[in-house]
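[1] I need the structure of the sequence given here:
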Amino acid sequence: MKRGFQDWSVYKKSLLLGLLPSGLMFACLVFFFTTVRLSEARTDLIARGQLIADQLAPAVEYDVISGNTGALEKLLGKVAQSPLVHHITIHDSFGNLMAEIDGAGRKLADADETPIMLSADILQSQIELENDAFASFASEFQFTTGPSRIGKVEVAITESVIIEGQQRIVYSSFTVAALLMFLTYLLIRNMARSIANPIEQLTAGVELIKNGDYRTRAPDIRGLELSRLRNSINQLAVALEKASVEQTEHLGMIETARNEAESASKAKSEFLAIMSHELRTPMNGVLGMLQLLQETQQDEEQKEYTHVAMRSTEHLIAIIDDILDFSKIERGRLSIDPIEFNLRALVEETLNAFRPQVEEKGLLLHQEYEGELQDALVTADPARIRQVLANLINNAIKFTAEGYIRVHANWEEIGADKVCFTCEVEDSGIGIAPEQQRRMFSSFQQADQSNSRRYGGTGLGLAIAKRLLELMEGEIFVESESGKGSCFKFALTLHYRRSPNGSTWNAAAAGPIPQFQGRVLIVEDNQVNQKVTCGILNKLGIETENANNGEEALQKVRGGKYDLIFMDCQMPVMDGYQATAKIRQMETRAGVKPTPIVALTANALEGAADACRKAGMDDYLSKPIKKQQLVECLQTWLGDSDADNTTPENAAAQGNEER
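    The predicted structure is shown next:
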């Protein structure tokens, strides 16, 4: 019979549990029965031997008195034929041996076996004296007329008979026990089958349910307990079938929702890409024109208007950047690009960029540096650390009406090549209540919801800073009290090496804006952006030409040689990617040195720089473009200019935005 269980099934266990106590019981019965029978057999054997001795004693009385040994041996020979008798001896009253004969039991006995000795006295029969004269004579001469001992009969019996009896008893006992065991086995097997078979059926049903066949139902089963189990399994199957149907429906709804979410996410990404381009393109014109306007002759009132417009433009650009970074964080695509740089120079540069805003509000800016590794070169992402520090400083400026802002940076060595960098940004602003501090690092949250009108901002700065620090395995903390200012502190563990040239913290000190020589082609479909880029490059000493799309750029490249090409990516007729690929093909066929091509695009989403380089471009600049960005780009691709061609303008005052 095929069973649902492997190895020890319920069926086998039932047999085992039934036979084990039965076997123990039968074994005890056999042991008890055998012991009793053996004890009775030994007692019976001794009694029989004693009976032989007692009956033999009077039978040999006359022969002993007469000394007839022949008659004794003849008589003993008949008695010794019994298998019970080992040997028989007769002694007279003085202990002398009169007759001895071996019995049939000696041949059956083992050589080392000691027989059991039984004895009986041989008594002379009493003489009845009816004659008074003789009785008087016997009395006178002290002649005894009563029974007297004239000898002894010894009968030695063997235990071989007992052993044979024991074997017969054991065989018979085990035969009975085996018969009872077999009958018990048949009974228990039938009982076990009546239990195991239904359980196997239930098990098979459970296996089907476990494999997902929820329509399976267990068959009818006899017995109250098993019937209850069967009903419970069927109820479970019904519940699972219902749950499976509901799960399938929910999975369908989830799949639909997931597809809709993916479509929405894709639409959002496309929307951000379009809005990024559409917002950054006019912002490039506004910022560029304001930069050019700052370099013209203006009275004090015009300078103030230009400065306010520049600040507002930079604030709008910061909001756009925050929204784009938050979108990357939501999709888990915000990346870290570690390089080697000097951390104090980065802090100094960031603080210098915010110094005009601090002075404009009449605040005091305190800088404190502590630690022996300020000149060390650390490995991290400088743009992301600058972004964290800038968000904290901007937050302090925004919420501080009067008083001070203190920036404390500390370098602490924690290993052979590791340094713990901590930076505190403390202000005397409005502060944060304890119950509000828990949500300060959440998206679109501020200390007070009314602050969004009073102070402005998106509420993304601290959330982005926290996420950036987590990506760099750092932490950020806040200590604040409402009305008493705030202190934001972040910590980073960085790898470092000492600078081979000594202290480098002041490497970002201000310097004159250089002048360059060269011929640059600007491929841009927006006329305002053409004027902005040409205006900035011309003031840097660069000769420029314009192309409205990629097709015009190809014609101009065929007709002349350029030292550098600034290529917009999204243009009508032919975009920048196609134009770059065709220019590279032309250069390969002509065997000439490739012209550096720098992407100049309003698309600042993740992957834009990689797409530009994949198309064959050498560098990437995102709009809106600041003058310092163009200066650094020209230094990279056109080389340093002569010192005589420089102007005394401060390059660091143009901002600190990274490419």
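[2] wait, R230 touches T216, no?
    No - R230 lies out of contact with T216 (Cβ atoms under 8 Å); the separation is 11.9 Å. All C-beta spots, glycine's among them, are computed from the backbone N, C-alpha and C.
[3] what comes up buried for stretch 52-59?
    52-53, 56-57 (16 or more other Cβ atoms under 10 Å).
[4] poorly predicted segments of the stretch 1-150 of the chain, please.
    Filtered on pLDDT under 70, the stretch 1-150 of the chain yields the residue ranges 1-39, 105, 108-113, 126-147.
[5] V557: which element?
    helix 550-559 (DSSP states H and E).
[6] list the buried residues for that helix?
    Quick answer for helix 550-559 (16+ other Cβ under 10 Å): 550, 552-554, 557.
[7] skipping its backbone neighbours, what lies nearest I65 in space?
    I150 (6.2 Å; Cβ to Cβ, 6 or more residues apart in numbering).
[8] same thing with A376?
    Y496 (4.3 Å).
[9] now the one you found, what are its backbone angles?
    The phi and psi values for Y496, taken as degrees, to the nearest 10, are phi -140, psi 160.
[10] repeat for G560
    Main-chain torsions, G560, degrees, to the nearest 10: phi -160, psi 180.
[11] A409 too?
    Dihedral angles (degrees, to the nearest 10) for A409: phi -110, psi 140.
[12] who's in contact with it?
    343-344, 347, 368-371, 421-424 (Cβ atoms under 8 Å, 6 or more residues apart in numbering).
[13] grab the nearest non-local neighbour of it.
    A409's closest residue in space is C423 (Cβ to Cβ, 6+ apart), at 4.9 Å.
[14] got it, and N538?
    In space, N538 is closest to T544, 6.3 Å off (Cβ to Cβ, 6+ apart).
[15] the helix or strand containing the one you found pairs with which strands, parallel or anti?
    Per DSSP H and E, T544 falls inside strand 543-547. Applying DSSP bridges, strand 543-547 is found paired with strand 519-523 (parallel).
[16] mind listing what's buried along the partner strand?
    520-523.
[17] contact partners of it?
    So strand 519-523 is contacted by 530, 533-534, 537, 542-547, 549-550, 552-553, 556-557, 560-568, 571, 576, 579, 600 (Cβ under 8 Å, 6+ apart).
[18] would you show me how to pick out the buried ones of these in PyMOL?
    In PyMOL, a selection of the buried entries from the contacts of strand 519-523 looks like this (16+ other Cβ under 10 Å):
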select buried, resi 530+533+534+537+542+544+546+547+549+550+552+553+557+562+563+564+565+566+567+568+571+576+579+600
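[19] distance of E435 relative to S482?
    10 Å (Cβ to Cβ, to the nearest Å).
[20] cool, and Q555?
    For Q555 relative to S482 (Cβ to Cβ), the value is 66 Å.
[21] same question, G403
    15 Å.
[22] all helices of the stretch 101-250 of the chain, in order?
    Counting by DSSP state H, counting those that start in this stretch, the stretch 101-250 of the chain has these helices, from start to end: 105-108, 132-140, 160-210, 224-294.
[23] quick revisit: got the angle between the helix holding V557 and strand 543-547?
    Angle of helix 550-559 versus strand 543-547, following axes from the mean of the first three to the mean of the last three Cα atoms, to 10 degrees, is 130 degrees.
[24] for helix 550-559, packing partners?
    Contacts defined by 3 or more Cβ pairs under 8 Å, 6 or more residues apart in numbering; DSSP states H and E place helix 550-559 against strand 519-523, strand 543-547, strand 564-567, helix 576-590.
[25] a markdown table for the ones you listed, including mean pLDDT and distance to E300?
    Shown next, in a markdown table, are the helices and strands packed on helix 550-559 (pLDDT from 0 to 100; distance: least, Cβ to Cβ, whole Å):
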| stretch | mean pLDDT | distance to E300 |
| --- | --- | --- |
| strand 519-523 | 93 | 34 |
| strand 543-547 | 92 | 32 |
| strand 564-567 | 94 | 35 |
| helix 576-590 | 92 | 42 |
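[26] do you know which of the ones you listed lies nearest A383?
    Across the helices and strands packed on helix 550-559, A383 has its closest neighbour in strand 564-567 (21.7 Å, Cβ to Cβ).
[27] neighbouring strands - and their directions - for the closest one?
    When DSSP bridges is applied, strand 564-567 pairs with strand 519-523 (parallel), strand 597-601 (parallel).
[28] what distance separates it from the centre of its chain?
    52 Å (Cα atoms, centre = their mean, to the nearest Å).
[29] with stretch 608-619 instead?
    Relative to its chain's centre, stretch 608-619 lies at 40 Å (Cα atoms, centre = their mean).
[30] how about residues contacting it?
    567, 569, 576-577, 580-581, 583-584, 596-599, 601, 620, 622, 633, 636-637, 659.
[31] now D575: phi and psi?
    The phi/psi pair for D575 (degrees, to the nearest 10) is phi -80, psi 180.
[32] that one reaches G550, doesn't it?
    Yes - applying Cβ under 8 Å as the test, D575 and G550 come out as touching, 6.0 Å apart.
[33] thinking again about what came up before, next one: the strand holding T544 to chain centre, how far?
    Worked out by Cα atoms, centre = their mean, strand 543-547 lies 61 Å from the chain centre.
[34] contacts for that strand next, please.
    518-524, 530, 533-534, 537-538, 553, 555-556, 562.
[35] which one among these gets closest to E360?
    Closest approach between those and E360, by Cβ to Cβ: T533, at 29.3 Å.
[36] next, the closest one: phi, psi?
    Dihedral angles of T533 (phi, psi; degrees, to the nearest 10) stand at phi -60, psi -40.
[37] residue contacts, it?
    288, 522, 524, 544, 566, 600, 625, 630.
[38] pick out whichever of these sits closest to A71.
    For the contacts of T533, the nearest to A71 is L600 (153.0 Å; Cβ to Cβ).
[39] that closest one and V557, how far apart?
    L600 is 16 Å from V557, by Cβ to Cβ.
[40] neighbour count for E435 and S482, which is higher?
    The neighbour comparison of E435 against S482 (other Cβ atoms under 10 Å) goes to S482, with 16 against 8.
[41] can you check the pLDDT for that one?
    With respect to pLDDT, S482 scores 84.
[42] hang on, the earlier thing: name the member of the contacts of A409 with the most neighbours.
    L343 (26 neighbours).
[43] for that one, grab phi and psi.
    phi -80, psi -40.
[44] dump the residue contacts of it.
    L343 sits in contact with 374, 376, 378, 380, 385, 409, 411, 421, 494, where contact means Cβ under 8 Å, 6+ apart.
[45] distance of it from I385?
    Counting by Cβ to Cβ - L343 and I385 are separated by 7 Å.
[46] tell me how far S482 lies from D375.
    40 Å.
[47] ok, I319 next?
    36 Å.
[48] before we move on, what about R584?
    Taken as Cβ to Cβ, the span from R584 to D375 is 43 Å.
[49] show me where the stretch 401-550 of the chain has its helices.
    434-437, 451-454, 461-471, 527-539, 550-559.
[50] now tabulate the buried residues of strand 519-523 in JSON lines and tack on distance to Q294.
    As requested, these are arranged in JSON lines below (distance: Cβ to Cβ, whole Å):
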{"residue": "V520", "distance to Q294": "22"}
{"residue": "L521", "distance to Q294": "26"}
{"residue": "I522", "distance to Q294": "21"}
{"residue": "V523", "distance to Q294": "26"}
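[51] where are the low-confidence patches of the stretch 501-650 of the chain?
    Scanning the stretch 501-650 of the chain for pLDDT under 70 picks out 501-513, 603-607, 640-650.
[52] where along the stretch 351-500 of the chain do the strands fall?
    364-370, 377-380, 404-413, 418-427, 475-480, 486-497 (DSSP state E, counting those that start in this stretch).
[53] for those, give me TSV that also has distance to A353.
    As requested, the strands of the stretch 351-500 of the chain are exported to TSV (distance: least, Cβ to Cβ, whole Å):
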stretch	distance to A353
strand 364-370	12
strand 377-380	19
strand 404-413	13
strand 418-427	14
strand 475-480	21
strand 486-497	18
